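**Q** Provided below are the primary sequence and the corresponding predicted coordinates.
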Amino acid sequence: MNAASSDCLIHPTESLQDFFRQRIESSVEKLNIDKNDEALWYLTRLLCNFSRTHRFLDDNNTRAALTPLAEYYRLALESHTKQERHLQLQRLGDVAIVVAGLFAGALQRKPVSVRYYMSMGEAAYATLADEAAHSTRQKSLQAVFESLSNDFSEYVVALSEIPTQTSHEDNLLQMIDEWETTQHPALATALRRRGVFIEDTTEPCETLVH
């Protein structure tokens, strides 16, 4: 059997966790993103968890489907306990960063854009980072959420590098057209590498729940 090509998506590793950890760290180094070990560990565990479909999609008693972010926000607002609100906001942020990073192409067929997912996810993590921590674990997670919020678009770009995306490498006009449609930060990064000027459209977010 021939050795696996370096462009293959999956290589033999000790575990799924090793695969995602190696891919994320490689993306962060390639993109010169400031490394936050705790945030990278969180994303690694998140991808491992979401690799199981039943943990990524929600079962509404009829079929498994991805819950709209606005629904997580509504549930957070209507939560009766701080812990329940925290979990809904964390779920919102987690789904948003994974969808924006790995499944942005699917959003082209949806009424919402990748910018919407990024704005909602960034704001959810910012809200979690602003909450008072009452334990060592909560303080640790608070720092992770702060990092994910502050560098949300960079982490989205890093996640987008995990699959092989050779289809964008040869057609510059196609990349520009897709950028104008989606304004995905990964496309902006790729276009800048090829000398195309892309204006930074990132706007600061506000926390979702006070």
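**A** That came through fine. Numbers count the residues shown, from 1 in each chain.
**Q** next up, the contacts around P68.
**A** Applying CB atoms under 8 Å, 6 or more residues apart in numbering to P68 gives the contacts V112. For the C-beta atoms, the positions are set from N, CA and C on the backbone; glycine is no exception.
**Q** start the count at 753, not 1, going forward
**A** Fine by me, first position is 753 from now on; the one you just mentioned is P820.
**Q** quick check: Q835 is in a strand.
**A** No: counting by DSSP: H, G, I helix; E, B strand; the rest coil, Q835 is not found in a strand; it is helix.
**Q** give me the pLDDT value at it.
**A** For Q835, the pLDDT comes out at 89.
**Q** for burial, what's the neighbour tally of it?
**A** For Q835, the count of nearby residues is 9 (other CB atoms under 10 Å).
**Q** would you map the helices across this protein?
**A** Assigned by DSSP state H, the helices in the chain fall at 768-782, 789-802, 805-808, 821-829, 834-854, 866-882, 888-902, 904-912, 924-934, 937-945.
**Q** which of those helices has the lowest mean pLDDT?
**A** helix 924-934 (a mean of 62).
**Q** middle-most residue in this protein, spatially?
**A** In the chain, the centroid-proximal residue (CA atoms, centre = their mean) is I849; its distance is 2.1 Å.
**Q** so who does it touch?
**A** Contacts of I849 (CB under 8 Å, 6+ apart): L795, L798, G873, L900, F904, Y907, V908, L911.
**Q** repeat the analysis, applying 7 Å as the threshold.
**A** I849 is in contact with G873, L900, F904, Y907, V908, L911, counting by CB atoms under 7 Å, 6 or more residues apart in numbering.
**Q** then F808?
**A** F808 is in contact with F802, counting by CB under 7 Å, 6+ apart.
**Q** about what we covered before: of the contacts of I849, which is the nearest to V864?
**A** Proximity of these to V864 (CB to CB) peaks at G873, which lies at 12.2 Å.
**Q** now the closest one: closest residue in space that isn't a chain neighbour?
**A** Leaving aside its sequence neighbours, G873 sits nearest to A848 (CB to CB, 6 or more residues apart in numbering; 2.7 Å).
**Q** just to revisit the earlier point, got CSV for the contacts of I849, with neighbour count and distance to L839 too?
**A** Listed next are the contacts of I849 as CSV, based on neighbours: other CB atoms under 10 Å; distance: CB to CB, whole Å:
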residue, neighbour count, distance to L839
G873, 27, 15
L900, 27, 16
F904, 26, 20
Y907, 30, 21
V908, 25, 22
L911, 25, 22
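**Q** tell me the one among the residues you listed nearest to Y825.
**A** Lowest distance from Y825 to these (CB to CB) belongs to G873, with 11.1 Å.
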